[in-house]
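[1] how would this look folded up:
(4 chains)
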Protein chains: 2
Amino acid sequence: MEDKFVPNIVVGRLPLYLRTLQLMSQEGRRVTSSQELGERLGISAAQIRKDLSQFGEFGKQGTGYNIDYLSDQLRLILHVNKVWDVAVVGIGDVGHALARYQGFSNRGFRIVLLFDNDPQKIGKNVGGFIIQDFSSIVTKIKTAGVQIAMLSVPIDQAQPVTNLLVDAGVRSILNYAPINISVPSGVRVQYIDPVLHLQRMTYYLE
Amino acid sequence: MEDKFVPNIVVGRLPLYLRTLQLMSQEGRRVTSSQELGERLGISAAQIRKDLSQFGEFGKQGTGYNIDYLSDQLRLILHVNKVWDVAVVGIGDVGHALARYQGFSNRGFRIVLLFDNDPQKIGKNVGGFIIQDFSSIVTKIKTAGVQIAMLSVPIDQAQPVTNLLVDAGVRSILNYAPINISVPSGVRVQYIDPVLHLQRMTYYLE
DNA sequence: TAGATTGTTAATCGATTAACAATC
DNA sequence: TAGATTGTTAATCGATTAACAATC
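    Now for the predicted structure:
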């Protein structure tokens, strides 16, 4: 089921479904429908049903989806039924905010390592973790078996640091530096750059 | 030219092109080609040419694109040939990082207003600006004529604060709260939620 | 039972790519 | 001139939607 090819664009919507279902669950709701989910997300009901059908049958005709059951299934599909250890690399303002962000733990992630190369910062405690020196990055990440990193270093360090992360066995990188980085196949990168989003909106402003 | 309909997905790629061109310009480069741009971005050369052709003819056969000229044109198209004033609403760790982020100014944005509702924070200076009380948000934003806001408040405040922003005349919202918000037509929302990106990658991890 | 909603198929719609004449 | 690369067309590919039988 999960072995078969699923379009990337579909995979990208699943976390959105999960996020909304978790919220509904917190609201005390028990069941929902593709229509309701769609309305909350601005996505058509047909698309949601089609997306889910890639992975199995999770609903009941006439009643819809059990929220907690579908959430569990989505967590299994997305492999966030466990908690993933994450490293934050580059503890400037962005890294600092990530290290202290409370929104990871109930969605499948926890931060376990912080790195920076500024002697002023090394040894400091942020969000309960001690900032460690870049020089130890490969061994520390390897030893901890961390496979996911959030990268919040300056632009010119993004590629060299990425290379270290790849050497250390990191397979998923969330890159906050506004530059495209190269990784070998088997390693995935996602990008966050607020300016891209802002410029996408100013197109429609005068 | 800009009046005619352009697919949203095309508009979304333009900021990426611009970002790469600005980087090339800083590297001292003068010209590039759709092929080179495509390689740096992981996008096909044909797609880049097709996207650009929606807005005009910016290249020369045989030589390619003048980097600074194409950058200027993209800035005009995206309306970032000017600098937009932006408000940051909610000065927790994320808002704090946004307020101090140095990457906005050379890409068309500058932060001019900060808001929070925590009496402990109101009056404090972050990144050169004084945090102001929520109670003044509508009038202050109206007076300043700010049309863009970055929203970094807790989940449960996202929708009510959004309503205030809309009342104040904000037309573009970059929402960091992990929840979908409703806005009237004419107002645009973009979302940033790191967990969505992480979960999209764990799908491919075991 | 009647009403509601799923999962799925086929039709539609839109986006990407390949190819090439034009031309620098 | 020969080589390179654009802008654009037509073909391909993929994603979305509409519709409905199945069934809770």
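
[2] so which residue is dead centre in chain A?
    Nearest to the geometric centre of chain A sits A:Leu174, at 7.3 Å (Cα atoms, centre = their mean).

[3] surely that one touches A:Thr162?
    No - the criterion here is Cβ atoms under 8 Å, and A:Leu174 misses it with A:Thr162 at 11.5 Å. Any C-beta I mention is one placed from the backbone N, CA and C, and that applies to glycine too.

[4] next one: phi and psi at A:Thr32?
    When read as degrees, to the nearest 10, the backbone of A:Thr32 gives phi -150, psi 180.

[5] any idea of the pLDDT on it?
    pLDDT for A:Thr32: 98.

[6] over to A:Phe5?
    89.

[7] what do you get for A:Met1?
    For A:Met1, pLDDT reads 37.

[8] return the residues in contact with the residue nearest to the centre of chain A.
    Shown in contact with A:Leu174 (Cβ atoms under 8 Å, 6 or more residues apart in numbering or on different chains): A:Ile148, A:Ala149, A:Met150, A:Leu151, A:Val189, A:Gln190, A:Tyr191, A:Ile192, B:Pro194, B:His197, B:Leu198, B:Met201.

[9] now swap in A:Leu205 and tell me
    B:His79, B:Trp84, B:Gln147, B:Ile148, B:Arg171, B:Ser172.

[10] a helix runs through it, doesn't it?
    No - A:Leu205: not assigned to a helix; according to DSSP: H, G, I helix; E, B strand; the rest coil it is coil.

[11] determine which two of the contacts of A:Leu205 are furthest apart.
    B:His79 and B:Arg171 (12.1 Å; Cβ to Cβ).

[12] burial of the closest residue to DNA strand D within chain A, as a residue count?
    Residue nearest to DNA strand D within chain A: A:Gly62 (2.1 Å; Cβ to the nearest atom of the strand). Number of residues near A:Gly62 (other Cβ atoms under 10 Å in any protein chain shown) recorded here: 6.

[13] measure it to A:Leu21 for me?
    20 Å (Cβ to Cβ, to the nearest Å).

[14] A:Asp116 now?
    For A:Asp116, the distance to A:Leu21 - Cβ to Cβ - is 37 Å.

[15] have a look at chain A and report its longest strand.
    strand A:109-116 (DSSP state E).

[16] quick revisit: compare the contacts of A:Leu205 and tell me which is most surrounded.
    B:Ser172 (24 neighbours).

[17] quick one, what contacts that one?
    A:Leu198, A:Met201, A:Thr202, A:Tyr204, A:Leu205, B:Gln147, B:Ile148, B:Ala149, B:Val187, B:Arg188, B:Val189, B:Gln190.

[18] out of those residues, which one sits closest to B:Tyr101?
    A:Leu198 (11.5 Å).

[19] so which other helices or strands are in contact with the strand or helix carrying that closest one?
    A:Leu198 is part of helix A:194-202, with elements assigned from DSSP states H and E. With contacts taken as 3 or more Cβ pairs under 8 Å, 6 or more residues apart in numbering or on different chains; DSSP states H and E, helix A:194-202 sits against helix B:8-26, helix B:67-78, strand B:84-89, strand B:148-151, strand B:172-175, strand B:188-191.

[20] how about a cut-off of 7 Å?
    Judged by 3 or more Cβ pairs under 7 Å, 6 or more residues apart in numbering or on different chains; DSSP states H and E, helix A:194-202 is in contact with helix B:8-26, strand B:172-175, strand B:188-191.

[21] which residues of chain A lie near DNA strand C?
    Residues of chain A lying close to DNA strand C (Cβ under 7 Å from any atom of the strand) are A:33-35, A:45-46, A:49-50, A:52-53, A:57-65.

[22] just the ones of the residues you listed in strands?
    Using DSSP E, the residues of chain A next to DNA strand C in strands are A:Gly59, A:Lys60, A:Gly64, A:Tyr65.

[23] show the contacting residues for the third one.
    Translated: A:Gly64. By Cβ atoms under 7 Å, 6 or more residues apart in numbering or on different chains, the contact list for A:Gly64 reads A:Val31, A:Thr32, A:Ser33.

[24] can the helix or strand harbouring A:Ile131 be said to contact chain B?
    Secondary structure assignment for A:Ile131, by DSSP H and E: strand A:129-133. No - residues of strand A:129-133 contacting chain B under Cβ under 7 Å from any Cβ of the partner chain: none, with a closest distance of 14.5 Å.

[25] which strands or helices does that strand pack on?
    strand A:109-116.

[26] mind listing what's buried along the strand it packs on?
    For strand A:109-116, a neighbour-count test (16 or more other Cβ atoms under 10 Å in any protein chain shown) marks A:Phe109, A:Ile111, A:Val112, A:Leu113, A:Leu114, A:Phe115, A:Asp116 as buried.

[27] how far does stretch A:144-155 sit from its chain's centre?
    Remark: stretch A:144-155 is offset 12 Å from the chain centroid, using Cα atoms, centre = their mean, to the nearest Å.

[28] residues contacting that stretch, please?
    Contacts for stretch A:144-155 (Cβ under 7 Å, 6+ apart): A:84-90, A:92, A:94-95, A:98, A:112-113, A:158, A:161-162, A:165, A:169-179, B:198, B:205.

[29] now do stretch A:92-100
    A:88, A:91, A:111, A:114, A:126-127, A:129, A:150, A:152, A:176, B:93-94, B:96-97, B:100-101.

[30] against A:Gly38, how distant is the residue lying closest to A:Tyr17 once chain neighbours are set aside?
    Among residues not flanking A:Tyr17 along the chain, A:Leu74 sits closest, at 6.2 Å (Cβ to Cβ, 6 or more residues apart in numbering or on different chains). A:Leu74 sits 16 Å away from A:Gly38, taking Cβ to Cβ as the criterion.
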